[in-house]
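Sequence plus predicted model, see below.
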Amino acid sequence: MSSSTKVSEPLSNSALTRRLVIALVAVIAGTLLLRIAAQTMSQMLQYYFVTINREYFPLPHSTRGLITASFFITELLGSLVLGSLSDRYGRRVFILLGPLLGAVAVQITAVTITVWVLVLTRLLEGLSTASTVPSTLGFISEATKDHPILRARVIGLFEITFVGGMAIGAKAGGWLWDHFHTPADFLGLHLISPAFCLNGLMYLVSLAVFALGVRDIVKPAHDHSNGPARGGLRHYARLMKSGQVWLFVPAWLAVNSIIGMWLNNSVGLLTGDRHHRQLLMGSYSPNQFGNRFAVLFFIFGCGILGWSLLMGRYRKTQVMLVSVCGVAASLSAIYGLNHLSGFPHIGLNPFAILIALGVLVMSGFTPAALTYLADMTESHSQDRGSIMGLYSVFLGIGQVIGTITGGFAAKWDGIDGLILLSLLYCAITVVSLAALRRQEDSQAIDFTAQPRGTTAGE
């Protein structure tokens, strides 16, 4: 058989073959490259707004915010539609579509300062994420069907690509902008900012990795009828009626609300005006904040890696509950730092150590939640992409909720307001997970890995 024929053959998930391992590596590597490219694009767009406002025409912060937020329109809606379509037509085409849409968006950005066109580029970026994330997660779910321990580890690595992509993309965006932001002509085309064009190369490298390494997985004959044709939004309504889904949603929303709250509100509090009784407020310069933020991201990434090696042996709801304890520990330590007295250096005391340990523990929630969703697809094998698409939908909704409610909490009582609201979201998470565990026990749902003596998936 020729090599070209071999490449066209679909994969099988019945055994952990060399081709399947290569495909999983390609999914993780390609996703990391795509996240780096997307974060680089997002980072440079903020610099671009400053340049437009300074050199071309006034661009108020409200307009900048609307341009940036338009990304979520297509990400949230697109994840539902494209995730469902990937169930019908296969994962590979939608995995490849993601970096293609991102490459187009970044090239358009390089040649325009028109507001509505910039909105269009953000909509394309949202579609890029909506196309790739549900399809890659659906692929991982299919590929690791018979390998539960491997599933936990691969999903842990998938989550690390999010943290790593943000960190590397933020650095790459600054470097590219510093060196290639000035206008230039290339092949008769006037580039207002060549930095965006160069970032397009990262999207193309991601596309190449996906194209060379990923093939669709063989499905049983009865799965060929799946897809959006079975009901559109009504199809999702039926999925949401599943007790496993709707009991899990409050926990997923609450945790992502906490993440969105602190990501989008803490910087203004920590680098803004000082407060007479809250020590953390106004205590950091932007550079100091950035350095500490990077350290926490590094700790978070190490925690995800550690959890991914252990998580396959435990109930996912148990891991998520333990992770919520980490959130509570970090919040308690932040409160201690915020009302600290007697320590000459804020960064060198037991509270800071407790924050770091809390971040290590809490990092297990997102890979456990993703693995739980992947396990859930075994009861809905025709809807893997649809269910995994819910990951992006509720992640985005949760961050929007957290950002808005966190803004009111910060206005009310600064850092202490964020802490109190976060504890409320923690309580919602615990109640949701407790109900989920009771349903697992009552229905004898086994979402744990195989017993310790087994080797499948190792």
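Thanks, I have the structure now. It should be emphasised that the depicted structure is a prediction, and the values quoted were computed from it without experimental measurement.

hey, let's count contacts and neighbours off CA atoms from now on
OK.

Now do the buried residues in the host helix or strand of G336.
Taking DSSP states H and E as the criterion, G336 maps to helix 316-338. Buried residues in helix 316-338, defined by neighbour count with 16 or more other C-alpha atoms under 10 Å: 316-335, 337-338.

can you list contacts of that helix?
Identification of contacts with helix 316-338 by C-alpha atoms under 8 Å, 6 or more residues apart in numbering yields 278-281, 311, 346, 351-352, 354-365, 368-369, 371-372, 415-416, 419, 422-423, 426, 429-430, 433, 436-437, 447-448.

Sort out which of the residues you listed are in helices and list them.
Using DSSP state H, the members of the contacts of helix 316-338 that fall in helices are 351-352, 354-362, 365, 368-369, 371-372, 415-416, 419, 422-423, 426, 429-430, 433, 436-437.

PyMOL command to pick out the buried ones of those?
What follows is the PyMOL syntax for the buried subset of the ones in helices among the contacts of helix 316-338, where burial is set by 16+ other C-alpha under 10 Å:
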select buried, resi 351+352+354+355+356+357+358+359+360+361+362+365+368+369+371+372+415+416+419+422+423+426+429+430+433+436+437
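
Kindly export stretch 85-101 (C-alpha atoms) in CSV.
The C-alpha trace of stretch 85-101 is given here as CSV (Å, rounded to 0.1, in the frame of the first residue of the first chain):
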residue,chain,number,x,y,z
LEU,A,85,-21.1,20.0,12.9
SER,A,86,-17.9,18.3,13.9
ASP,A,87,-20.0,15.4,15.2
ARG,A,88,-21.5,15.0,11.7
TYR,A,89,-18.6,15.7,9.4
GLY,A,90,-15.5,14.7,11.4
ARG,A,91,-13.1,16.7,13.6
ARG,A,92,-10.2,17.2,11.2
VAL,A,93,-11.8,19.7,8.9
PHE,A,94,-12.8,22.0,11.8
ILE,A,95,-9.4,21.6,13.5
LEU,A,96,-7.8,22.8,10.3
LEU,A,97,-10.4,25.6,9.8
GLY,A,98,-9.3,27.3,13.1
PRO,A,99,-5.8,28.4,12.2
LEU,A,100,-6.9,29.3,8.7
LEU,A,101,-9.5,31.7,10.1
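
next one: it to chain centre, how far?
Distance of stretch 85-101 from its chain centroid, counting by C-alpha atoms, centre = their mean, to the nearest Å, is 18 Å.

Then stretch 289-303?
With C-alpha atoms, centre = their mean, you get 16 Å for stretch 289-303.

Equivalent analysis for stretch 161-171, please.
So, by C-alpha atoms, centre = their mean, the centroid of stretch 161-171 is 11 Å from its chain's centroid.

Confirm that H190 sits in a helix.
No - counting by DSSP: H, G, I helix; E, B strand; the rest coil, H190 is not found in a helix; it is strand.

is it true that it touches V111?
Yes - the criterion here is C-alpha atoms under 8 Å, and H190 meets it with V111 at 6.7 Å.

what about the two, which has more around it?
More crowded of H190 and V111, by other C-alpha atoms under 10 Å: V111, with 18 against 14.

The residue nearest to M202 when sequence neighbours are not counted: what's it in contact with?
Here the nearest residue to M202 in space, its sequence neighbours aside, is A37; by C-alpha to C-alpha, 6 or more residues apart in numbering that works out to 5.7 Å. Taking C-alpha under 8 Å, 6+ apart as the criterion, A37 is in contact with G165, G169, N199, G200, M202, Y203.

one more time with 10 Å
31, 43, 99, 102-103, 106, 165-166, 168-170, 172-173, 196, 199-206 (C-alpha atoms under 10 Å, 6 or more residues apart in numbering).

cool, G98 as well?
31, 34, 124-133, 135, 203, 206-207.

any idea how far G389 is from it?
14 Å (C-alpha to C-alpha, to the nearest Å).

same thing with A143?
On the measure of C-alpha to C-alpha, A143 and G389 end up 17 Å apart.

ditto for I299
27 Å.

Looking at these two, which is more packed in?
Between I299 and G389, G389 has the larger neighbour count (other C-alpha under 10 Å), namely 32 against 19.

My guess is the more buried one contacts F139. True?
No - using C-alpha atoms under 10 Å as the test, G389 is too far from F139 to be in contact (11.8 Å).

Tell me the residues that contact both of these two, please.
By C-alpha under 10 Å, 6+ apart, the residues touching both G389 and F139 are S86, V133.

Next, please give the residue ranges for the helices of the chain.
Under DSSP H, the chain gives helices at 3-8, 18-55, 61-89, 92-109, 115-143, 148-180, 194-213, 232-240, 243-270, 286-310, 316-338, 350-362, 365-376, 384-443.

want to throw these into CSV with distance to F186 and mean pLDDT?
CSV is the format used below for the helices of the chain (distance: least, C-alpha to C-alpha, whole Å; pLDDT from 0 to 100):
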stretch, distance to F186, mean pLDDT
helix 3-8, 37, 42
helix 18-55, 19, 89
helix 61-89, 27, 81
helix 92-109, 13, 95
helix 115-143, 21, 91
helix 148-180, 13, 83
helix 194-213, 9, 94
helix 232-240, 45, 58
helix 243-270, 37, 82
helix 286-310, 35, 79
helix 316-338, 50, 92
helix 350-362, 46, 91
helix 365-376, 43, 82
helix 384-443, 37, 85
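
Neighbours of the closest residue to I22 other than its chain neighbours, how many?
Excluding its sequence neighbours, the residue lying closest to I22 (C-alpha to C-alpha, 6+ apart) is G213, at 6.2 Å. Counted with other C-alpha under 10 Å, residues neighbouring G213 total 19.

residue contacts, G213?
V7, R19, L20, V21, I22, A23, L24, V25, A26, V27, A29, G30.

and the two most separated of the residues you listed?
Within the contacts of G213, two members stand farthest from each other by C-alpha to C-alpha: V7 and A29, at 19.3 Å.

okay, the two: which has more neighbours?
Legend: neighbour count by other C-alpha under 10 Å for V7 and A29, higher for A29 (19 against 14).

Next up, the contacts around the closest residue to the more buried one other than its chain neighbours.
Nearest residue to A29, sequence neighbours excluded (C-alpha to C-alpha, 6+ apart): V209, at 7.3 Å. By C-alpha under 10 Å, 6+ apart, the contact set of V209 is A23, V25, A26, V27, I28, A29, G30, T31, L33, L96.

With that, I have no additional questions.
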